[in-house]
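Student: Here you go, sequence then predicted model.
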Amino acid sequence: RPRVLSGIQPTAGSFHLGNYLGAVRQWVALQETHDAFYMVVDLHAITVPQDPKDLRANTRLAAAQLLAAGLDPDRCTLFVQSHVPEHAQLAWVMNCLTGFGEASRMTQFKDKAAKQGTDRASVGLFTYPILQVADILLYQANEVPVGEDQRQHVELTRDLAERFNGRFGPTFTVPKPYILKETAKIYDLQDPSIKMSKSASTPKGLINLLDEPKATAKKVKSAVTDTDTVIRYDAENKPGVSNLLTIYSTLTGETIGELEEKYTGKMYGALKTDLAEIMVEFVTPFRERTQQYLDDPETLDAVLAKGAEKARAVAAETLAQAYDKVGFLPAK
Ligand code: TYM
């Protein structure tokens, strides 16, 4: 079986619809066909200041949401990044292979650093993509299921894998991004020119999966569309409607073409009312299942402990090879 690896940050609390449609949904599907490794990236989370109590709670919450979304610990390896020390260890080696200028060109770093003021941003934020490189290479992943905003980090991973292999001999699998065109970028409901995100979206533009379903329905109903009246997919000229059609199509399995036909001659209001209902049907059981996992922290922690053990077995082997290749003296 080919291998996939991906990760999600625990910082936000509730996952948002972009996280789910852009990434987590694919994770669930891929566990059936791939040897799948998925993790909650708490090491990445501390690149910006975190309250320790919140971080711990949010890490469990992220794991609970992943299980609620359909990850099955019998079909995939689910773990917490800090439970596998090899991530930080390989990241150091990769840091030393990365050019300062190369790291400076990472657009997510530039955006996040600009927001905090470049002088205040941590060095951890600067090397964040390189830790992600280590995450991926440790598992010899063939594919990395993510949203569009992570493409550059996967490209960096490819570059560094090739660089390492070229310098020290074949060691790492060169991974490919696994990005579904349709859901690569889910847009803000109030401003469909920006991606839905915790940091940039206004509360009305952001669908949190754990919000009160009624509030979610309301947000869908007040989504920004356009002054035209035709319900048709046209990402360039009708980004709001197109985003709603993407969400609708992905959640129901109806194709965009089928939806266009279904809503011929109907008003935007009809589309939004139906989508609001579909969203409610989706988030209601999701919230309940998440709560069930949270109510049983012992079982949750046991799942994560077993996941970490399985992950470590793979990660330790790769790290040992990499350490040997760079010339570290074996500890006997
Ligand atoms: P994070 O936690 O920001 O987001 C998790 C996943 O959600 C996707 N995503 C979106 N997809 C479509 N539309 C959106 N509006 C949207 N917003 C978020 C992201 O692309 C991502 O796939 N650096 C990563 C975590 C990470 C990782 C890794 C990923 C750490 N190590 C190794 C893959 C492999 C991040 O911050 O994702």
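Tutor: All right, it came through fine.
Student: Show me what secondary structure element comes after the one helix or strand in the chain whose mean pLDDT sits lowest.
Tutor: Among the secondary structure pieces of the chain, namely its helices and strands, helix 107-116 has the lowest mean (mean pLDDT, DSSP states H and E), a mean of 88. For helix 107-116, the following helix or strand on the C-terminal side (DSSP states H and E) is helix 123-138.
Student: Counting by contacts, list what that next one packs against.
Tutor: strand 3-8, helix 42-45, helix 86-95, helix 100-104, helix 107-116, helix 151-168, helix 297-326 (3 or more Cβ pairs under 8 Å, 6 or more residues apart in numbering; DSSP states H and E). All C-beta spots, glycine's among them, are computed from the backbone N, C-alpha and C.
Student: how far does it sit from the chain's center?
Tutor: Computed by Cα atoms, centre = their mean, to the nearest Å, the separation of helix 123-138 from the middle of its chain amounts to 15 Å.
Student: sorry, back to before: CA atoms only: put the least confident helix or strand of the chain into PDB for me.
Tutor: What follows is the C-alpha trace of helix 107-116 in PDB, where atoms were taken according to Å, rounded to 0.1, in the frame of the first residue of the first chain:
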ATOM      1  CA  THR A 107       4.700  32.600   1.800                       C
ATOM      2  CA  GLN A 108       2.900  31.300   4.900                       C
ATOM      3  CA  PHE A 109       5.800  32.400   7.000                       C
ATOM      4  CA  LYS A 110       5.900  35.800   5.400                       C
ATOM      5  CA  ASP A 111       2.200  36.300   6.000                       C
ATOM      6  CA  LYS A 112       2.200  35.100   9.600                       C
ATOM      7  CA  ALA A 113       5.400  37.000  10.400                       C
ATOM      8  CA  ALA A 114       4.000  40.200   8.900                       C
ATOM      9  CA  LYS A 115       1.000  39.800  11.100                       C
ATOM     10  CA  GLN A 116       3.000  39.600  14.300                       C
END
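Student: now the angle from it to helix 151-168?
Tutor: Interaxial angle of helix 107-116 relative to helix 151-168 (axes from the mean of the first three to the mean of the last three Cα atoms, to 10 degrees): 120 degrees.
Student: Which residue is the nearest non-sequential neighbour of the closest residue to the ligand within the stretch 1-150 of the chain?
Tutor: The stretch 1-150 of the chain approaches the ligand most closely through residue 22 (2.0 Å), counting by Cβ to the nearest ligand atom. Excluding its sequence neighbours, the residue lying closest to residue 22 (Cβ to Cβ, 6 or more residues apart in numbering) is residue 147, at 3.2 Å.
Student: thought the one you found was touching residue 182?
Tutor: No - Residue 147 is beyond contact range of residue 182, at 11.4 Å (criterion: Cβ atoms under 8 Å).
Student: Please identify which of these two sits among more neighbours.
Tutor: With other Cβ atoms under 10 Å as the criterion, residue 147 and residue 182 differ in neighbour count, and residue 147 comes out ahead with 21 against 13.
Student: and that one, what does it touch?
Tutor: 18-19, 22-23, 179, 183-186, 195 (Cβ atoms under 8 Å, 6 or more residues apart in numbering).
Student: Next up, phi/psi of it, please.
Tutor: Phi and psi for residue 147, reported as degrees, to the nearest 10, are phi -80, psi 170.
Student: which bits of the stretch 101-250 of the chain sit near the ligand?
Tutor: Contacts of the stretch 101-250 of the chain with the ligand, taken as Cβ under 6 Å from any ligand atom, map to 132, 135-136, 144, 146-147, 149-150, 185-186, 195-197.
Student: Out of those residues, who's the most crowded?
Tutor: Highest neighbour count within these: residue 135, with 28 neighbours (other Cβ under 10 Å).
Student: Can you check the pLDDT for that one?
Tutor: What the model reports as pLDDT for residue 135 is 98.
Student: Let me see the contact set for it.
Tutor: When contacts are taken as Cβ under 8 Å, 6+ apart, residue 135 is in contact with 5, 7, 39, 41, 81, 87.
Student: got a winner among these for most neighbours?
Tutor: Counting by other Cβ under 10 Å, residue 39 has the largest number of neighbours within the contacts of residue 135, with 29 neighbours.
Student: That one looks like it's in a strand, true?
Tutor: Yes - Residue 39: assigned to a strand according to DSSP: H, G, I helix; E, B strand; the rest coil.
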